[in-house]
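J.: sequence first, then the predicted structure:
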Amino acid sequence: MPAETIRKLQKLITESDNIVFFGGAGVSTESGIPDFRSVDGLYNQTYDYPPETILSHSFYLRKPEEFYRFYHDKMLCLDAKPNAAHYKLAQLEQAGKLKAVITQNIDGLHQLAGSKEVMELHGSVHRNYCRKCAKQFDAQYMKDHTGVPLCDACGGDIKPDVVLYEEGLDTNTIQKSVAYISNADVLIIGGTSLAVYPAAGLIDYYRGDKLVLINKSATPMDRRANLLIQGSIGEIFDQIQVE
């Protein structure tokens, strides 16, 4: 990574106390969590349907056993640890520079690293509820159960509080995210292809001229970035000093 690029990013961060971070799967893949949209050989060998089909609301209702087999194997990565990007973002928030993290991830790693103001656009594996009596369950309860997890109080089916395909995003989370983005001085987007809507459309609310885009590959928004950085988001944030 050219030193000049890091210097430019450092300058933007140093001079601002109104930064918002918008992140996607690439932030978590560096912690060992797979991007479930990637259809690799393992998926093809193990599952009869692509991930997007399995993780849809209609499939969850129609084939809950297959849904939970995939969810248990691929989504409940409870041993994953935050990486340098997670920790640096938490430090920036504690220093009063970062106002919020807006994430498409559902793994809770930002909170584990110490971030407080986290907008989870697609929900979290750490929140689960009985569809019958609404009792709450943690991720470990889901991990410990094979097949369709059932409520220990009433026997009802337990559903993860994650947004499946065909489901709408939480209105309150969207409104708060829009407010943070539209008022941000610096908007840093990292680890996302910006191909998943409606989440990706949120960046259209940014009104500033300090848009930083960090990703390993090209995105449809590259031309709009004021600072474009291609590389590992963890390695890049690891070089940033919190002043």
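T.: Perfect, I can see it now. Numbering: from 1, shown residues only.
J.: the residue nearest to Arg224 when sequence neighbours are not counted bridge partners, please.
T.: Nearest in space to Arg224, with sequence neighbours left out and distances taken as C-beta to C-beta, 6 or more residues apart in numbering, is Leu211 at 6.2 Å. C-beta here means a position set from N, CA and C on the backbone, and glycine is covered the same way. Per DSSP bridges, the residues bridged to Leu211 are Leu187.
J.: what's the spacing between Leu211 and Glu65?
T.: For Leu211, the distance to Glu65 (C-beta to C-beta, to the nearest Å) stands at 44 Å.
J.: also Pro160?
T.: In this view, Pro160 and Glu65 are 15 Å apart by C-beta to C-beta.
J.: more neighbours: those two, which one.
T.: Pro160 (24 against 9; other C-beta atoms under 10 Å).
J.: mind checking the SS state of that one?
T.: In three-state terms, and counting by DSSP: H, G, I helix; E, B strand; the rest coil, Pro160 is strand.
J.: the nearest residue to it once chain neighbours are set aside: which element?
T.: Counting by C-beta to C-beta, 6+ apart, Pro160 lies nearest to Asn128, which is 5.1 Å off, once chain neighbours are set aside. With secondary structure defined by DSSP states H and E, Asn128 is part of strand 123-130.
J.: how about that strand: buried residues?
T.: 123-130 (16 or more other C-beta atoms under 10 Å).
J.: now do stretch 224-233
T.: 225, 227-229, 232-233.
J.: can you check stretch 180-188 too?
T.: In stretch 180-188, counting by 16+ other C-beta under 10 Å, buried: 180-181, 184-188.
J.: now swap in stretch 106-119 and tell me
T.: Neighbour-count burial for stretch 106-119, counted by 16+ other C-beta under 10 Å, picks out 106-113, 115, 118-119.
J.: so for the protein, the centremost residue is which one?
T.: Asn105 (1.9 Å; C-alpha atoms, centre = their mean).
J.: now do the same for that one: helix, strand or coil?
T.: coil.
J.: what about the closest residue to it other than its chain neighbours, helix or strand, and which?
T.: The shortest distance from Asn105 to any non-neighbouring residue, by C-beta to C-beta, 6+ apart, is to Ser28 (4.9 Å). According to DSSP H and E, Ser28 maps onto helix 25-29.
J.: show me where this structure has its strands.
T.: 19-23, 98-103, 118-120, 123-130, 136-137, 158-162, 186-190, 211-215, 227-230 (DSSP state E).
J.: switch these over to a markdown table; also include mean pLDDT.
T.: Output for the strands of the chain, formatted as a markdown table (pLDDT from 0 to 100):
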| stretch | mean pLDDT |
| --- | --- |
| strand 19-23 | 97 |
| strand 98-103 | 98 |
| strand 118-120 | 98 |
| strand 123-130 | 97 |
| strand 136-137 | 98 |
| strand 158-162 | 97 |
| strand 186-190 | 97 |
| strand 211-215 | 95 |
| strand 227-230 | 95 |
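J.: quick one: which of the ones you listed is nearest Thr53?
T.: Thr53 lies closest to strand 158-162 among these, at 15.6 Å (C-beta to C-beta).
J.: strand partners of that closest one, parallel vs antiparallel please.
T.: strand 123-130 (antiparallel).
J.: got the angle between the strand it pairs with and strand 98-103?
T.: Angle of strand 123-130 versus strand 98-103, following axes from the mean of the first three to the mean of the last three C-alpha atoms, to 10 degrees, is 70 degrees.
J.: no further queries at this time; thank you.
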